[in-house]
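*Asks:* Coordinates for the following, if possible.
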Amino acid sequence: METMENTTITVSATVNAPVAKVWESWNQPEHITKWCSPSPDWHTPRAENDLRAGGKFLSRMEARDGSFGFDFEGIYDEVKTNELITYTMSDGRKVKITFDADGNATKVTETFDPEEINPIEMQRGGWQAILDNFKKYTEEKL
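*Replies:* Sure, this is the predicted structure:
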């Protein structure tokens, strides 16, 4: 079993879309609410995004049956359009997202500090499921 200390988790997906479309889908609240969930029994009814260094973001994630919900939020540290986003979550953990354009495909890579409650593999699986949902949504909306 991996330890949490000095560990980061990385997930990635190659989206078959140009980087400008990927960036828009990733950052605009009207899109975030459509893809930001790990499975069909979850959804994100509300999203706010002030995409700039020092800007805040918030995505309200809820179980569709109303049994559980939480705010996923933080503050942006660095934003380079179509290339890079770094932010600090409300609990102090750091996240780095890169957007690597290759013609009509864009590789999105997220690297993040794990939280200390759930196993590493569970966290990796959850974030990968959300990223896979993003890929599917973005490719279908083009």
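*Asks:* and the longest strand along the chain, which residues are buried?
*Replies:* Criterion DSSP state E: the longest strand present in the chain is strand 69-80. Neighbour counts using 16 or more other CB atoms under 10 Å place 74, 76, 79 of strand 69-80 among the buried residues. To be clear about C-beta, it is placed using only N, CA and C from the backbone, and glycine gets the same treatment.
*Asks:* for that strand, packing partners?
*Replies:* strand 56-63, strand 84-89 (3 or more CB pairs under 8 Å, 6 or more residues apart in numbering; DSSP states H and E).
*Asks:* For the lengthiest helix in the chain, give the mean pLDDT please.
*Replies:* Counting residues, the longest helix found in the chain (DSSP state H) is helix 120-141. Averaging pLDDT along helix 120-141 gives 96.
*Asks:* which helices and strands does it pack with?
*Replies:* Packed next to helix 120-141, using 3+ CB pairs under 8 Å, 6+ apart, are strand 9-15, helix 19-27, helix 29-35, strand 105-112.
*Asks:* which stretches of the chain have low pLDDT?
*Replies:* 1-6, 142 (pLDDT under 70).
*Asks:* Dump the helices and strands packed on helix 120-141 to a markdown table, plus distance to Arg93.
*Replies:* Formatted as a markdown table, the helices and strands packed on helix 120-141 follow (distance: least, CB to CB, whole Å):
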| stretch | distance to Arg93 |
| --- | --- |
| strand 9-15 | 10 |
| helix 19-27 | 19 |
| helix 29-35 | 19 |
| strand 105-112 | 6 |
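*Asks:* Tabulate these (CSV), appending distance to Gly54 and mean neighbour count.
*Replies:* Supplementary listing: the helices and strands packed on helix 120-141 in CSV, determined by distance: least, CB to CB, whole Å; neighbours: other CB atoms under 10 Å:
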stretch, distance to Gly54, mean neighbour count
strand 9-15, 25, 17
helix 19-27, 16, 19
helix 29-35, 18, 17
strand 105-112, 20, 18
